[in-house]
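J.: sequence unknown, structure follows:
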C-alpha cells in the first residue's frame, strides 16, 4: 500500500493562551507519524487568520496531502479549517489538546459538530502527540483515507464467460458494474475464461516446479497432499497464470467464475495467492472481491468469503462456511488443512478457521438501493476435528457474538443482506466504518 501523505498544521487565535506550544507540538507530531511510515508535510506557520489558511491549504494541495491533521493549539474560528479543507482538498483530522485554558477541546467539538451536520467525513482525537492512542488513531485514519483516495482505481478482473446482452442501459457491462465503479472507484476488467486456461496451459513445467518447490519449502502444502503432485502442479500453473493476467491488466484483485461448470478450478491457487497478498475469489462475486481487496490492503492479512451454514442461537454461535479457497494462514495449523480433489486436477482447500479473540463478520450490499455496510465484531472459536467433520468438513468459521443470540437469519433477511459475507481477522469496525463514510456508504442496520 502507498504510504499515507499527511499534512500537519497548528491553528489558533492570538487572543488566547497556548500558541507558545505550537512549535513543540508540530515537531513531536511529525516525529511520531514518521515513525509509522507516514509521508509528512509539516507546516511551520501557525495559522491564525484566513489568509494564512488559504496559503497553507494551497501548499498541502501541492504536496498532495490526503489527510491534514489540524492541531487546535487554542480556540480556532471555524473559517480557518474550512478554508484549509477546501483549498487543500484533503480530509481533516482534528486534534484537541488537554489544556483547559486554551479552549482547544471546545474548538474541536464545535467544528466536529458542523462537519457531522454537513455529512463531511472527518476524524478527531483528544490528547497529546506523545499519546500512543492519538498516533494510532491518526495513522489508522490516514491509511483508510489514502486507500479511499487512491490515485489509480482498483482494477478487479472478472474471469469467465459473459454473453452479450441488452435490456436497459449498457450492453457489455451491467448497471451494477457502473455503480461499483462510481461508488468505490473499482474498475471491472472482463477476461475470458479461455484466456486464463490458455495462460495456465502455457506455463513452463520448470516454472511450475520452481513455484511448487518454493511453496513446499514455506510449509504451505499439507503433508496429506504431498503425494498429489499432478494436482499441485496444476495449481501452480493456475497461480502463475493469474500473476500473468495481473501484470497484463494491472489488476489489484480478481474473481473467477468456477461454479458450476469449472468446479474445483483455481481454488488451491487462490489459497496460495491470498497469503501472498492477492485476492482471487472463486465465485464471480465482484462486490465481495472488492471488499476483500480493501481488507487485504488495510490489514495485510487475508479474509474469507463465506455464507451462513449453521446457527446455534442458544449459545450465540454462527457457523460461516464455503467451498475452499481461503488462505491457509487462517488455519490454526497446516495439520488441520485438507486439500480435497475434484476431477482430474481441481481441488478444494478445507479447514476450520483458527481461534481469534477478535474477528469481524462483514456484509456489504444494497439495502433497497442504498449501498450499505454491516460489521459485526465477534470471536472465532476454532473447532476440534470431530466437530469440524460433523459440520461437513468444508472451510468453516465458528463465530460467537452476543448479537448472534437473536434471530440472525431473520435480521439479515430483513435488511436484504445477500448470502455472501466476509470473515476477517481482527475487529475492523472502526476502519471499515471510516472507509464506508468516506465513500458515502450507509453503515449499520
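T.: All right, it came through fine. Fair warning: this is a prediction, and the values are worked out from it, not measured in the lab.
J.: so what's residue 187 up against?
T.: Contact analysis of residue 187 by C-beta atoms under 8 Å, 6 or more residues apart in numbering lists 153, 154, 155, 156, 181. (C-beta placed from N, C-alpha, C; glycine too.)
J.: low-confidence ranges, the stretch 201-350 of the chain, go.
T.: By pLDDT under 70, the stretch 201-350 of the chain has no low-scoring segment.
J.: circling back to that earlier point, top of the contacts of residue 187 by neighbour count?
T.: In terms of neighbour count, residue 156 stands highest of the contacts of residue 187 at 26 neighbours, by other C-beta atoms under 10 Å.
J.: skip the chain neighbours and tell me the closest residue to that residue.
T.: residue 253 (5.0 Å; C-beta to C-beta, 6 or more residues apart in numbering).
J.: Three-state assignment for residue 138, please.
T.: Classification of residue 138 using DSSP: H, G, I helix; E, B strand; the rest coil returns helix.
J.: quick one on the thing from earlier: with respect to pLDDT, which of the contacts of residue 187 ranks lowest?
T.: Lowest pLDDT of the contacts of residue 187: residue 153, 85.
J.: wait, what's in contact with that one?
T.: By C-beta under 8 Å, 6+ apart, residue 153 lies in contact with 181, 185, 186, 187.
J.: chain center to the strand or helix carrying residue 245: distance?
T.: Using DSSP states H and E, residue 245 sits within helix 229-249. Centroid separation for helix 229-249 versus its chain: 24 Å, with C-alpha atoms, centre = their mean, to the nearest Å.
J.: which neighbours does whatever helix or strand comes next after it have in its sheet, and in what orientation?
T.: Reading on from helix 229-249 to the C-terminus, the next helix or strand found by DSSP H and E is strand 253-256. Under the criterion DSSP bridges, strand 253-256 sits next to strand 154-159 (parallel), strand 279-281 (parallel) in its sheet.
J.: what packs against the helix or strand following strand 253-256?
T.: Using DSSP H and E, the helix or strand that follows strand 253-256 in sequence is helix 267-275. Applying 3 or more C-beta pairs under 8 Å, 6 or more residues apart in numbering; DSSP states H and E, one finds that helix 267-275 contacts helix 229-249, strand 279-281, strand 346-350.
J.: now the strands for the stretch 1-150 of the chain?
T.: For the stretch 1-150 of the chain, the strands defined by DSSP state E, counting those that start in this stretch cover 5-11, 39-42, 67-72, 91-96, 122-126.
J.: export those to JSON lines and tack on distance to residue 395, mean pLDDT and mean neighbour count?
T.: What follows is these, written out as JSON lines (distance: least, C-beta to C-beta, whole Å; pLDDT from 0 to 100; neighbours: other C-beta atoms under 10 Å):
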{"stretch": "strand 5-11", "distance to residue 395": "38", "mean pLDDT": "98", "mean neighbour count": "27"}
{"stretch": "strand 39-42", "distance to residue 395": "38", "mean pLDDT": "97", "mean neighbour count": "19"}
{"stretch": "strand 67-72", "distance to residue 395": "37", "mean pLDDT": "98", "mean neighbour count": "27"}
{"stretch": "strand 91-96", "distance to residue 395": "37", "mean pLDDT": "98", "mean neighbour count": "24"}
{"stretch": "strand 122-126", "distance to residue 395": "35", "mean pLDDT": "97", "mean neighbour count": "20"}
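J.: could you identify which of the helices and strands packed on helix 267-275 is most buried?
T.: Among the helices and strands packed on helix 267-275, strand 279-281 has the highest mean neighbour count (mean count of other C-beta atoms under 10 Å), at a mean of 27.
J.: how far out from the middle of the chain is it?
T.: With C-alpha atoms, centre = their mean, you get 13 Å for strand 279-281.
J.: now do stretch 81-96
T.: Per C-alpha atoms, centre = their mean, the centroid offset for stretch 81-96 relative to its chain is 24 Å.
J.: gap between the two ends of that stretch?
T.: End-to-end span of stretch 81-96 (C-alpha to C-alpha, to the nearest Å): 13 Å.
J.: let's have the chain start at 15 instead
T.: Done: numbering now begins at 15, and the last item shifts to stretch 95-110.
J.: circling back to that earlier point, so the helix holding residue 259 versus strand 360-364, what angle?
T.: Per axes from the mean of the first three to the mean of the last three C-alpha atoms, to 10 degrees, the angle that helix 243-263 makes with strand 360-364 is 90 degrees.
J.: show me what helix 243-263 packs onto, helices and strands only.
T.: strand 168-173, strand 200-205, helix 207-216, helix 219-231, strand 267-270, helix 281-289, strand 360-364.
J.: which residues does that helix contact?
T.: 169, 171, 173, 203, 205, 209-211, 213-217, 219, 221-223, 225-226, 229, 235, 239, 265, 268, 279-280, 282-283, 286-287, 292, 294, 353, 355, 358-361.
J.: tilt between that helix and strand 200-205?
T.: Helix 243-263 and strand 200-205 are oriented at 120 degrees to each other (the same axes, to 10 degrees).
J.: run through the helices of the stretch 315-459 of the chain in chain order.
T.: All helices of the stretch 315-459 of the chain, identified by DSSP state H, counting those that start in this stretch, fall at 399-404, 422-429, 443-452.
J.: let's test this: mean pLDDT of the second one, rounded?
T.: Confidence for helix 422-429, expressed as mean pLDDT, is 92.
J.: kindly report the same for the longest one.
T.: Averaged across helix 443-452, pLDDT comes to 96.
J.: so which bits of that helix are buried?
T.: Neighbour-count burial for helix 443-452 flags 443, 445, 446, 447, 448, 449, 450, 451, 452 (criterion: 16 or more other C-beta atoms under 10 Å).
J.: ok, the second one - contacts?
T.: Just to be clear, that refers to residue 445. 154, 157, 158, 312.
J.: so residue 372 sits against residue 442, correct?
T.: No. Residue 372 lies out of contact with residue 442 (C-beta atoms under 8 Å); the separation is 9.0 Å.
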